[in-house]
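> Have a look; sequence and predicted model below, questions after that.
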Amino acid sequence: MKILRIILIILAVLASVFVFIRFYYTKSFSPSSTAEFDKNGLNITVDYCQPSKKGILL
C-alpha cells in the first residue's frame, strides 16, 4: 500500500511538471497581444494570441 502511494505521488508530480511545461514554455505560432479594461477602479488584463495567417486578413 505504501509503494502504491509513492507511485501515485510521483505520477502526480510528473503530470504537474508536464502541464507546467506544456502551457508556459511552448511556442505560439500566432503573435501575442494584450487586451486591457479599466473602469471605476476595476482593472482587467487578458494576454492572448491573435489568430493570423500569412497574407490573409482574418
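Looks like it arrived, so ask away.
> who does the host helix or strand of residue 38 pair up with?
Using DSSP states H and E, the element containing residue 38 is strand 32-39. For strand 32-39, the paired strands and their directions (DSSP bridges) are strand 42-49 (antiparallel).
> ok, and what's touching the partner strand?
Residues outside strand 42-49 that contact it (CB atoms under 8 Å, 6 or more residues apart in numbering) are 28, 30-38. Where C-beta positions appear, they are placed from N, C-alpha and C, glycine not excepted.
> By pLDDT, give me the weakest of those.
Least confident by pLDDT among those: that is residue 28, with 63.
> Wasn't residue 10 part of a strand?
No: in this structure, residue 10 is helix, not part of a strand, as judged by DSSP: H, G, I helix; E, B strand; the rest coil.
> distance of residue 19 from residue 36?
Distance of residue 19 to residue 36, computed by CB to CB, to the nearest Å: 27 Å.
> typo on my end, it should be residue 48
12 Å.
> These two - which one has more neighbours?
residue 48 (11 against 8; other CB atoms under 10 Å).
> Show me what the more buried one is bridged to.
On the basis of DSSP bridges, residue 48 is bridged to residue 33.
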